[in-house]
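>>> sequence and predicted model, in that order:
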Amino acid sequence: MNNLLIGLTLFGSLSMRTPNDIEFQDTPDYEVSIGVKNKNVFLNRQWERQDGLNYVDDEYWFKTEPGDFYFKPQYVNKTSRDLKYSKLDTRYKKDWFSLGHTALMSEDITEQGLSVGIHNKWKINGTLEFESKFDGYYFRDEVLNVRRLDLEEYLALNWKINEKLTLSNILDYNDVKGKKYYKFKVGVEYKLGD
């Protein structure tokens with residue numbers, strides 16, 4: 001059982017805010033996020049209330065890395081952004097750089113595109129680490145003569161409190177299928193197993 005938990009981290013965050021709509025000032029907006037992750041798995045569910053409306057957002061992915069390649073199927077359903085898609089990334093990777101092909105499936109439409117990524121981590125000292133991820137996707141539809149660049153950017157400053165507990169400051173920016181959204185939050189991560 002302990003082998004299954006190697007590198008698996010439980011994470012979560014909570015945010016409360018004043019609603020934009022004055023009609024809902026008595027019921028604060030919130031976002032609760034909980035999930036598990038390691039370098040090859042990410043499972044996340046978020047419950048959100050905004051201006052009196054409730055949403056559930058899901059994101060799941062799995063990554064396998066045979067040799068210098070990686071394959072990453074991903075499912076995203078962001079009801080808060082009216083955005084639902086599945087994606088399959090197949091890329092060549094070398095150190096911090098990756099280049100490859102992405103298929104994006106949504107609303108019975110499959111788009112094929114070029115993908116590029118830059119992922120890196122820097123240890124600042126024994127307790128601080130900075131993580132940066134950038135992924136760009138170029139899609140082109142010859143029939144509709146449409147070109148689109150999707151972006152995913154992620155920055156995190158992680159403060160290791162002890163061997164199991166980490167506090168993270170996260171900036172997550174996305175521009176997918178013309179829908180832009182970002183989050184800045186503070187989260188807590190707890191490492192399961194050894």
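Sure, I can see it.
>>> show residues contacting stretch 88-105.
Identification of contacts with stretch 88-105 by Cβ atoms under 8 Å, 6 or more residues apart in numbering yields 65, 68-74, 85-87, 110-120, 137, 139, 150, 177. Yep, even glycine has a C-beta here, placed from its N, CA and C like the rest.
>>> in this structure, which spans are strands?
Assigned strands in the chain, in chain order: 9-17, 29-37, 41-50, 53-62, 69-78, 83-94, 97-106, 109-123, 128-141, 146-160, 165-176, 179-191 (criterion: DSSP state E).
>>> give me the buried positions along stretch 136-151.
Going by neighbour count (16 or more other Cβ atoms under 10 Å), the buried part of stretch 136-151 is 136, 137, 139, 148, 150.
>>> ends of it, what's the gap?
5 Å (Cα to Cα, to the nearest Å).
>>> what does that stretch contact?
102, 104, 111-117, 134-135, 152, 173-178.
>>> quick check: mean pLDDT of it?
For stretch 136-151, mean pLDDT rounds to 86.
>>> please export the C-alpha coordinates of stretch 107-115 as PDB.
Extracted C-alpha coordinates of stretch 107-115, given in PDB (Å, rounded to 0.1, in the frame of the first residue of the first chain):
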ATOM      1  CA  GLU A 107     -18.400  19.500 -28.700                       C
ATOM      2  CA  ASP A 108     -17.900  16.700 -31.200                       C
ATOM      3  CA  ILE A 109     -15.000  18.700 -32.800                       C
ATOM      4  CA  THR A 110     -11.400  17.400 -32.900                       C
ATOM      5  CA  GLU A 111      -8.600  19.900 -33.500                       C
ATOM      6  CA  GLN A 112      -5.000  19.000 -34.300                       C
ATOM      7  CA  GLY A 113      -2.200  21.300 -33.300                       C
ATOM      8  CA  LEU A 114       1.400  21.900 -32.500                       C
ATOM      9  CA  SER A 115       2.400  22.100 -28.800                       C
END
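>>> of the contacts of stretch 136-151, buried ones?
102, 104, 111, 113, 115, 117, 135, 152, 174, 175, 176, 177.
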